[in-house]
Each structure stands twice: as C-alpha cells, then as structure tokens.
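Asks: build the 3D model from these lines:
(chains A and B)
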Number of protein chains: 2
Amino acid sequence: MNSIQLVQQIESKGSFLCVGLDSDPRLIPSTFQKESDPIFSFNKAVIDATEKYAVAYKPNIAFYEALGPKGWESLQKTMDYIPKNVFTIADAKRGDIGNTALKYAQTFFEPASSGFNFDSITVAPYMGEDSVTPFLSFENKWVILLALTSNQGSQDFQLIRDENNIPLYEHVMRKAMEWGDAGQLMFVIGATRTEYLKHVRQIAPDHFFLVPGVGAQGGSLEDVAKYAMNSKVGLLVNSSRGIIYAGDDTSVSAAREAKNIKEEMSMYLDQYWIK
Amino acid sequence: MNSIQLVQQIESKGSFLCVGLDSDPRLIPSTFQKESDPIFSFNKAVIDATEKYAVAYKPNIAFYEALGPKGWESLQKTMDYIPKNVFTIADAKRGDIGNTALKYAQTFFEPASSGFNFDSITVAPYMGEDSVTPFLSFENKWVILLALTSNQGSQDFQLIRDENNIPLYEHVMRKAMEWGDAGQLMFVIGATRTEYLKHVRQIAPDHFFLVPGVGAQGGSLEDVAKYAMNSKVGLLVNSSRGIIYAGDDTSVSAAREAKNIKEEMSMYLDQYWIK
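Replies: Numbers count the residues shown, from 1 in each chain, chains lettered A, B, ... in the order given. Here you go, the predicted structure:
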C-alpha cells in the first residue's frame, strides 16, 4: 500500500486507528477456546467488529511465534482474512544485517517465501544502516523504525545525548531519513509527553508515526493529534488490549471500543487536520 | 546450561567454536534438495561433521522464519538433533517490552510453548531494561545482548559518544550488567578492531562474548583470544558460511573447516588462557 491509498482510507473512514492483535490463548474469551483454531476465530471476531473503524491491523508477532508452527498458521489465516484495503503491520521489531535482514523482509513481505504479504514491519535501529535498508528495497512496503518508544526502558538509551545535546532517537530519525523517504519509512513514537511529540514532528515533518502508548499506556489522543498531525494526517494510533479484551462478548465490546476511539479521532481530524 | 558446564565443554573439546546454522535452501548442496526436509538434512550433516569441534550451534532464526511453518519444523528437528551437552543460541535479535518480550522468551526457552529449548537468545537493547529483563527470569538460560557489532552500520549509532565521551555500546554494557550477571548475560562483540576488544573486556571482565566477524567478516582470531579471553575463557567465536558452505561434500568440508578453526583455538587456549 502506498501513502496515497493510506491517506484516502484514513479520510474515508474518519479514523487513524490501528488495532493491535496481541492475541493470547490465555486471555481470549472461553467461547473461542472450543474452536479448532481459537486464535484465528478470535481474530476474525475482532476484525469483523472493528474493520469499519480501523485503518490498520498490527499482529504482534511474538504472540504467534510463541505457539510454534500452529501459531504461524493462525497468523496466516488472520492475514488472509483482513480486508485488502486495510494497512497491515507485522509488529516484529526485527533488526539484523544484510542477508539476514533480507530473510526477515522476505518472511513478512514476499508471499512466495513464507506466505505473508504485510504492508509494513517494525524494525529496531541498533545495528544501523545495513540492518534497515534491506527492508526498504520492496515496492510499496514500509519500514516502521523504533525511534522514541513509550516504555519505561526507553529512557535507558534512547534519551542519551551526544556532546551536541542531540538525543539518540534524533540521530536514529535523521540517519534513517537519509535511507528512506516518507513514502516508505515511518517511526514508532511513544505518546507519553507533549514536548517529545512536538520535537519528533519537527525532525520529521512528513513521515507517518505509529503511536502506541495511548490509552492503557497513558498518552492523550488529543495531544497526539494536536502536536503530531501533519498535512497527510501522518498518524496511526494503536490500541490493542483496550479493544480486543474489552469484554467477553468480543463482537460487541471490541466494536464499541473501536467506535468510541474512531469518533474521537474523527473529531480531531476535523479540528487539527490542515490538508 | 550454566557457565560451569559451558567452560567444562570448552576445556574438554579445546575449542570455543560456535557454528552458525544460516541454512539457506538456495545455498545448500544439491544432494540435500531431494530429501523430504532439505534444511534439516543439511543441518544434520553439518552437526555430524562438526560436533567434535564445536561447543555451540547458532541457528539464524530469519532463515527458518522465511520458510513459513515448515521452516519452524526444520528448526525444531534440528534442535532435537543437536547433542544436549552443546550450547544452543537462538540468533533472533528480538527486542520488545514486557508481555511481548516474555512471549519471545517462551518461544525459545519453554518447550511447552513453541517446543524449543534453546540455552540462549540474542537480544537487541534499544528499548532498554523492560525489553531485556523478561528474558533473564529463566533459570540457566542466557541473554546475549547486542553491544558492539561488526557490521558497517554499527558505526551509525553504537559509537555515538555522550557528553562524557562514553560511547553508546558502553552504556548498553554497563546498564545491562546491572540487570544480569556473568552467569546469564553475554554480549555480542564484533572482532573488527583490537582497541575495541581491549575496551569491552575492560568494561565486562567476567562476561562471555559472542564474537562474529572472524573469518569472512575480517577479524583476527588470535587478536580475539589475546585481548578478550578471561579466566573462564569468556569467548564463543562464531563461523557460519566459512564452515557450512565450505564445499559440496558437506560432511568432509564442514568437518575440515571446523577442525582447522578448533586447532587454532586449542593453540590459543594453551597460550592465552590463564585459569
């Protein structure tokens, strides 16, 4: 999917909601446990309930990997079920070099390899250029690079400042923008503090940000919209547990939560989106 | 496996060789292509040829993941085949937080989860403490944390110095040593320059280093032994392509290459290992 299609979808749905599919056998309602593939059945219910309100789905790869080969099969069925006009993110946070990076890219981008055809993958920057660029050679596929995350541990290294007072996350963003443009590179940006939202938008005015940390992890959706929206919206805001585990009646509760967020997003699109 | 068992194995084999199983369907000799599971058959031949000389095997997870569910099955069979006294490394370079990190840990450490029972996993440090510590809660399992890698891109971020002239890789090592001790935490250290080998050994005198970048990637094995060996040896030096793709007759060529490296290592153990 290219950025024009992504922005069109955001406009037509009035939403920049990404639904995280962190589907855990121990957390899904008991009604799904009796199905032959509980994880897929649960994901199907979540997708049915939320596809009107979501512009992206983000399976958290760890949750599938932990189930062995059958987890990958549940993920494959899930991917086949997601409507083709919805953006898909392999939240895999891979990061390795050269040939190995290419194998990871093939895993998630090349149907002839593992069977998957994701639109994007989350990537970790620690190993530098040759761990990121192999993912950028695929047409209409995206790298979503970790920049400033919302977890406690983000303070350990991401905020370290060099002798010119430039924090590591800024180095990561500026370097990566030399490797890929706003049509193939997004950044993971935690929504924990207003000053950071302003700063990262100043560093990367044109790029999309994938924003976790709204809701359960504590950021304000309005602040994200107010300080980080750009002329192409430039935002995908993720919610996982708050939607998929909102209640035992998944079809009803997931739809309700996604609709609530979508309505708030529609309001902010009216208010802050200057095309 | 604990560090005492690992050091005993190194001593009894006279080797600190790790064989990297970067097994690629397009690179394995044609004789294996006709087998029902070519990747497992190839790995089996490599293991048979090298187990006398190797103290560790390191499957590169990307290569299995790229093949879809059948790749995970080849990996499972490979893991079941590796002798139990040999150290195993899931070269997965995972890095995510909290629950997600725990899922990755379960994938590779908990047989009841995905079926795997690796001794260790490579982990990326960018997200900080809560992305590393979940892996450290498993008894006799190891985190091998990326610190200073040997690739070109390692210069992009790992060498950035703070206002006190401390490079990022040193921050990573010192912080991580607060989270885990030398019996559960190793570091990935590229062997490209003598000055770095000296520096990282000074930072972490007791920890094991997993060293790629010897051979094909250019470092000197003698320099690694000379500048980074400690009283528990403290080194696992990896070779992948140089051994597994040494020739079309895998049984002969992989054994020959592994034996050559092992003999060089034995010499350096005699010369530089001060118990």
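Asks: C-alpha from now on. contacts and neighbour counts both.
Replies: OK.
Asks: would you quantify the distance from A:Gly234 to chain B?
Replies: Separation of A:Gly234 from chain B (C-alpha to the nearest C-alpha, to the nearest Å) stands at 23 Å.
Asks: may I have the phi/psi pair for that residue?
Replies: phi 70, psi 20 (degrees, to the nearest 10).
Asks: the closest residue to it other than its chain neighbours: neighbour count?
Replies: Among residues not flanking A:Gly234 along the chain, A:Phe208 sits closest, at 4.0 Å (C-alpha to C-alpha, 6 or more residues apart in numbering or on different chains). For A:Phe208, the neighbour count with other C-alpha atoms under 10 Å in any protein chain shown is 26.
Asks: so what's A:Phe208 up against?
Replies: A:Phe208 makes contact with A:182, A:185-187, A:233-236 under the criterion C-alpha atoms under 8 Å, 6 or more residues apart in numbering or on different chains.
Asks: can you list the residues you listed in TSV and add neighbour count?
Replies: Listed next are the contacts of A:Phe208 as TSV, based on neighbours: other C-alpha atoms under 10 Å in any protein chain shown:
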residue	neighbour count
A:Ala182	16
A:Leu185	22
A:Met186	30
A:Phe187	26
A:Val233	24
A:Gly234	25
A:Leu235	25
A:Leu236	23
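Asks: adding pLDDT and secondary structure, write the residues you listed out as JSON lines.
Replies: Formatted as JSON lines, these follow (pLDDT from 0 to 100; DSSP: H, G, I helix; E, B strand; the rest coil):
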{"residue": "A:Ala182", "pLDDT": "98", "secondary structure": "coil"}
{"residue": "A:Leu185", "pLDDT": "98", "secondary structure": "strand"}
{"residue": "A:Met186", "pLDDT": "98", "secondary structure": "strand"}
{"residue": "A:Phe187", "pLDDT": "98", "secondary structure": "strand"}
{"residue": "A:Val233", "pLDDT": "98", "secondary structure": "strand"}
{"residue": "A:Gly234", "pLDDT": "98", "secondary structure": "coil"}
{"residue": "A:Leu235", "pLDDT": "98", "secondary structure": "strand"}
{"residue": "A:Leu236", "pLDDT": "98", "secondary structure": "strand"}
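Asks: tell me the one among the residues you listed nearest to chain B.
Replies: Nearest to chain B out of the contacts of A:Phe208 is A:Phe187 (C-alpha to the nearest C-alpha; 13.9 Å).
Asks: can you pull up the bridge partners for the closest one?
Replies: Beta-bridge pairing for A:Phe187 (DSSP bridges): A:Leu145, A:Phe209.
Asks: now do the contacts for it.
Replies: Counted by C-alpha under 8 Å, 6+ apart, A:Phe187 has contacts A:144-147, A:173, A:207-210.
Asks: also A:Leu197?
Replies: Neighbour list for A:Leu197: A:189, A:191, A:224, A:227-228 [criterion: C-alpha under 8 Å, 6+ apart].
Asks: state the distance from it to A:Phe157.
Replies: A:Leu197 sits 18 Å away from A:Phe157, taking C-alpha to C-alpha, to the nearest Å as the criterion.
Asks: distance from whichever strand or helix holds A:Phe63 to the middle of the chain?
Replies: For A:Phe63, the host element (DSSP states H and E) is helix A:61-65. Computed by C-alpha atoms, centre = their mean, to the nearest Å, the chain-centroid distance of helix A:61-65 equals 15 Å.
Asks: what's the helix or strand for A:Met79?
Replies: Per DSSP H and E, A:Met79 falls inside helix A:69-81.
Asks: mean confidence score for that helix?
Replies: When pLDDT is averaged along helix A:69-81, the result is 96.
Asks: got the angle for it vs helix B:69-81?
Replies: 170 degrees (axes from the mean of the first three to the mean of the last three C-alpha atoms, to 10 degrees).
Asks: just the residues contacting the helix or strand that helix A:69-81 is followed by, thanks.
Replies: Going down the chain from helix A:69-81, the next helix or strand is strand A:87-94, by DSSP H and E. Strand A:87-94 is contacted by residues A:1, A:6, A:55-62, A:101, A:104, A:108, A:118-124, A:146, B:93-96 when judged by C-alpha under 8 Å, 6+ apart.
Asks: and the helices in chain A?
Replies: Secondary structure of chain A by DSSP state H: the helices cover A:3-13, A:30-33, A:38-50, A:61-65, A:69-81, A:98-109, A:129-132, A:154-157, A:168-179, A:194-203, A:221-228, A:241-244, A:250-272.
Asks: now for the fourth one, which elements pack on it?
Replies: Translated: helix A:61-65. Contact analysis of helix A:61-65 by 3 or more C-alpha pairs under 8 Å, 6 or more residues apart in numbering or on different chains; DSSP states H and E lists helix A:69-81, strand A:87-94, helix B:98-109 as its packing neighbours.
Asks: could those go into a markdown table alongside mean neighbour count?
Replies: A markdown table is the format used below for these (neighbours: other C-alpha under 10 Å):
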| stretch | mean neighbour count |
| --- | --- |
| helix A:69-81 | 19 |
| strand A:87-94 | 23 |
| helix B:98-109 | 23 |
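Asks: make a markdown table out of the ones you listed and add distance to B:Leu269.
Replies: A markdown table is the format used below for these (distance: least, C-alpha to C-alpha, whole Å):
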| stretch | distance to B:Leu269 |
| --- | --- |
| helix A:69-81 | 41 |
| strand A:87-94 | 35 |
| helix B:98-109 | 31 |
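Asks: B:Ser41 is nearest to which of the ones you listed?
Replies: Proximity to B:Ser41, assessed across the helices and strands packed on helix A:61-65 by C-alpha to C-alpha, is greatest for helix A:69-81 (19.1 Å).
Asks: which residues does that closest one contact?
Replies: A:37, A:39-40, A:43-44, A:59, A:63-65, A:115-118, B:68-70, B:72-73, B:114.
Asks: what subset of those residues is buried?
Replies: Neighbour-count burial (16 or more other C-alpha atoms under 10 Å in any protein chain shown) applied to the contacts of helix A:69-81 gives A:39-40, A:43-44, A:59, A:63-65, A:115-118, B:68-70, B:72-73, B:114.
Asks: my guess is A:Asn238 contacts A:Ser15, does it?
Replies: No: in this structure A:Asn238 lies outside contact range of A:Ser15 using C-alpha atoms under 8 Å: 11.3 Å.
Asks: so those two - more neighbours on which side?
Replies: More crowded of A:Asn238 and A:Ser15, by other C-alpha under 10 Å: A:Ser15, with 30 against 23.
Asks: next one: the more buried one from A:Ala182, what distance?
Replies: Taking C-alpha to C-alpha, one finds A:Ser15 at 20 Å from A:Ala182.
Asks: residues in contact with stretch A:161-172?
Replies: Residues outside stretch A:161-172 that contact it (C-alpha under 8 Å, 6+ apart) are A:125, A:147-148, A:157-160, A:200, A:203, B:157, B:160-165.
Asks: what residues sit buried inside it?
Replies: For stretch A:161-172, the neighbour count (16+ other C-alpha under 10 Å) marks A:161-162, A:167-172 as buried.
Asks: let's have these in a markdown table, adding distance to A:Lys84 and pLDDT.
Replies: Output for these, formatted as a markdown table (distance: C-alpha to C-alpha, whole Å; pLDDT from 0 to 100):
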| residue | distance to A:Lys84 | pLDDT |
| --- | --- | --- |
| A:Arg161 | 42 | 98 |
| A:Asp162 | 44 | 97 |
| A:Pro167 | 38 | 98 |
| A:Leu168 | 36 | 98 |
| A:Tyr169 | 33 | 98 |
| A:Glu170 | 34 | 98 |
| A:His171 | 35 | 98 |
| A:Val172 | 31 | 98 |
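Asks: and which of these is nearest chain B?
Replies: Nearest to chain B among the buried residues of stretch A:161-172, counting by C-alpha to the nearest C-alpha, is A:Asp162 at 3.9 Å.
Asks: quick one on the thing from earlier: any chance of the helices of chain A in TSV, with distance to B:Val86 too?
Replies: Below are those laid out as TSV (distance: least, C-alpha to C-alpha, whole Å):
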stretch	distance to B:Val86
helix A:3-13	49
helix A:30-33	38
helix A:38-50	35
helix A:61-65	24
helix A:69-81	25
helix A:98-109	24
helix A:129-132	29
helix A:154-157	34
helix A:168-179	38
helix A:194-203	46
helix A:221-228	50
helix A:241-244	40
helix A:250-272	46
